[in-house]
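>>> Just to be clear, the model below is a prediction. Sequence and coordinates:
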Amino acid sequence: MNSSDYKIKLIRLEDLLKQLTTKGKLNKATHKELDQLSDQIQEYEEKNYPFKVESLKEMIELRMYQRKLKQKDLAEILGTTPSRISEILNGKRSLTLDLARGLYRKLNIDADLILQG
C-alpha cells in the first residue's frame, strides 16, 4: 500500500465508523470491510510510523492507557498488589519472575523489553 492508498482507506474507514455510530450497526459485509481496513491501516502505520517505546515502564504505562487500567486493575490482572505495581513503575522494586511472565502473557509485552528491564 502506498501513501495515496492509505489516505483513501482512512477516508473509507471514517465513513464506515460514521455509519456505525449513526445506525448503531453494520451488515456482515460492511463489518468485514471495516475489519479488513483496520488491519491494513494498522499494518501500514506500524511499518511507516513506528512507535518506539524506550523502556519497560513506558510500555506498561502504554498498555495501561490502551486498556484504560489503573494500577489497581493492573495489579489484579497480574496477581499482585497496587503498591507493588507502583514500586515497579517508580523503579523502587525489580520484577519478579511471576510478574515478568504476567506482563508477557497478559499484556503482550515483548520478552526482550521485559528482560532489558
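Nice, I can see it. Residues are numbered from 1 along each chain as shown.

>>> Pull the residues that contact stretch 3-17.
Stretch 3-17 has contacts (Cβ atoms under 8 Å, 6 or more residues apart in numbering) with 1, 26, 30, 33, 34, 37, 38, 40, 41, 44, 48. Glycine gets a C-beta too; all of them are placed from N, C-alpha and C.

>>> one more time with 7 Å, if that's ok
30, 33, 34, 37, 38, 40, 41, 44 (Cβ atoms under 7 Å, 6 or more residues apart in numbering).

>>> Show me which residues of that stretch are buried.
9, 13, 16 (16 or more other Cβ atoms under 10 Å).

>>> Please apply the same query to stretch 76-93.
77, 78, 80, 84, 85, 88, 89.

>>> how about stretch 104-112: buried residues?
107, 109.

>>> Just the local confidence number for the residue of the chain most remote from its centre, please.
Going by Cα atoms, centre = their mean, the residue of the chain most distant from its centre is residue 23, 27.3 Å out. On pLDDT, residue 23 comes in at 79.

>>> ok, which stretches of this structure are helices?
Secondary structure of the chain, counting by DSSP state H: helices at 3-23, 28-48, 56-66, 71-78, 82-89, 97-107, 111-116.

>>> domains for the chain, by residue range?
If you go by automatic domain parsing, the domain ranges for the chain are 3-48, 56-116.

>>> Residue 89 - nearest residue in space that isn't next to it in sequence?
Nearest residue to residue 89 in three dimensions, chain neighbours excluded: residue 57, at 5.6 Å (Cβ to Cβ, 6 or more residues apart in numbering).

>>> That neighbour: neighbour count?
Residue 57: 14 surrounding residues under other Cβ atoms under 10 Å.

>>> What of residue 59?
Neighbours around residue 59, by other Cβ under 10 Å: 18.

>>> got it, and residue 103?
Residue 103: 24 neighbours (other Cβ under 10 Å).

>>> Quick check: it touching residue 113?
No: at 8.9 Å, residue 103 and residue 113 do not qualify as touching, with contact defined as Cβ atoms under 7 Å.

>>> With pLDDT as extra columns, can I get the buried residues of stretch 76-93 in a markdown table?
Formatted as a markdown table, the buried residues of stretch 76-93 follow (pLDDT from 0 to 100):
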| residue | pLDDT |
| --- | --- |
| 77 | 94 |
| 78 | 95 |
| 80 | 96 |
| 84 | 96 |
| 85 | 96 |
| 88 | 94 |
| 89 | 94 |
